[in-house]
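In: no sequence on this one, just coordinates:
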């Protein structure tokens, strides 16, 4: 078990395999020490089996986190509900799950998986805002034995639910680290971007990076060819303070990038299309990843910066059958209800439905800017020619594409119609973002009175 760096005796409970206490974590990047509600399920006690008493500790810790408005960190090493206790253990698990769910949107929740998280505990980590997994961790609802019995397929713990699997295939893992010490350091880094609770603001840090620093290198990343690929993370590095940002769920749905960073010391959440993966198109995982991140940033007062370069949604029968409509709507819904400051920069392409869902002006962003060569339309010139000029000669199609590009694709048309607030040079982009964040610092929206919304799932 990791020794606390400091402990404040507001609450301390130890029963069975679980313990809960308020701890003070070390500072990260000068942010200052942060008090957190620390809950730990220890595998050394009956393999971390969750008894009714252990679940009560988790429930108590979660309720205390909400009451004291403290971020919650839970370390999970559990083989599942205690078989010996039977229904009492299940009842306790349900109470713990309800208490953890009650933290959502009130205090940030980070779960560290440092061993097994099997059955019920696996679902508990699914309730967290962020999950940090160590290399030795694994998590699944139904283990290899059940999989083999029901499907005949033989898999190992690691193949079924190891850290790499959850980083690449399921999207459960936000960050992968080597061991528990590294996991705690990652949690401290993550907390340095987050407020303590919903009524707080993210920490503001001083920086020596000038707010109006020119960023011509951002534009240099864009290839001359409209179909050329590039790594959008290079543009993010150029725009943010000291080139430093924390990417989350980096290996899952890599065609979308979600990250926390700062501009002029102010925390921002970044959502960006990644042209180097699937040409930056949006599919189901990318829509889910971005929507979840947008919802989190909106819940905890983190302004959003959206960097757009996408030709649209990824086409395919399989995607449509798996619910591209529902999952694409998740991203629409997340942006539409977000009330934090929202800035959108169109880097190159913004076509079709993807133009709408990537926080377009229509979706209610506060500032929408475009780089001079950006293209905004229902579709690209080649696609339009394939539909409207399918019987034309090659020369006629080429002339149509040139005319279409000149008349419809350039950002000045959109700016003239008020759908883009301005066309900005890449070198001036950081300055424009910083100015907008200053202007929007005290933005407030009156929320509609209702029990809760009904997010597409």
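Out: Received it, and whenever you're ready, just let me know what you need. In this text the structure is predicted, and so the values were computed from the model without any measurement. Numbering: from 1, shown residues only.

In: what's the helix or strand where residue 288 lies packed up against?
Out: Using DSSP states H and E, residue 288 maps to helix 284-299. If contacts are counted by 3 or more Cβ pairs under 8 Å, 6 or more residues apart in numbering; DSSP states H and E, helix 284-299 sits against strand 256-263, strand 266-273, strand 304-310, helix 324-337. C-beta: built from backbone N, CA, C; applies to glycine.

In: gap between residue 347 and residue 361?
Out: 16 Å (Cβ to Cβ, to the nearest Å).

In: who has more neighbours, these two?
Out: Taking neighbours as other Cβ atoms under 10 Å, residue 347 and residue 361 compare with residue 347 leading, 26 against 18.

In: Enumerate every residue touching the closest residue to residue 438 other than its chain neighbours.
Out: Leaving aside its chain neighbours, residue 438 sits nearest to residue 264 (7.6 Å; criterion: Cβ to Cβ, 6 or more residues apart in numbering). Going by Cβ atoms under 8 Å, 6 or more residues apart in numbering, residue 264 touches 207, 209, 211, 241, 434, 437-438.

In: if you look at those residues, which of them are in helices?
Out: Counting by DSSP state H, the contacts of residue 264 place 434, 437-438 in helices.

In: Is there a neighbour count for residue 118? I'd like the number.
Out: Residues near residue 118, counting by other Cβ under 10 Å: 24.

In: typo on my end, residue 416
Out: Per other Cβ under 10 Å, the neighbour tally for residue 416 reads 9.

In: From residue 376, how far out is it?
Out: According to Cβ to Cβ, residue 416 and residue 376 sit 12 Å apart.

In: Equivalent analysis for residue 206, please.
Out: 37 Å.

In: Comparing these two, which residue is more hemmed in?
Out: Neighbours per residue (other Cβ under 10 Å) separate residue 206 from residue 376, with residue 376 holding more: 21 against 7.

In: Specify the beta-bridge partners of the more buried one.
Out: Residues in a beta bridge with residue 376, per DSSP bridges, are residue 350.

In: Give me the pLDDT value at the nearest residue to residue 302 once chain neighbours are set aside.
Out: Excluding the flanking residues, the one nearest residue 302 by Cβ to Cβ, 6+ apart is residue 269, at 4.7 Å. With respect to pLDDT, residue 269 has a value of 98.

In: show me the contacts for residue 269.
Out: 258-260, 293-294, 296-297, 302-305.

In: Repeat the analysis, applying 6 Å as the threshold.
Out: By Cβ atoms under 6 Å, 6 or more residues apart in numbering, residue 269 lies in contact with 260, 297, 302, 304.

In: Where does the third one fall, secondary structure wise?
Out: Meaning residue 302. For residue 302, there is no host helix or strand (DSSP H and E).

In: Can you tell me how far it is from residue 102?
Out: With Cβ to Cβ as the criterion, residue 302 and residue 102 are 21 Å apart.

In: Between these two, which has more neighbouring residues?
Out: residue 302 (22 against 16).

In: Please tell me how far the more buried one sits from residue 200.
Out: The value you get for residue 302 to residue 200, if Cβ to Cβ is used, is 11 Å.

In: who touches whichever strand or helix holds residue 185?
Out: If you go by DSSP H and E, residue 185 is part of helix 180-191. Outside helix 180-191, the residues that touch it by Cβ under 6 Å, 6+ apart are 2, 25, 28, 34, 73, 110, 112, 114, 132, 134, 175, 177.
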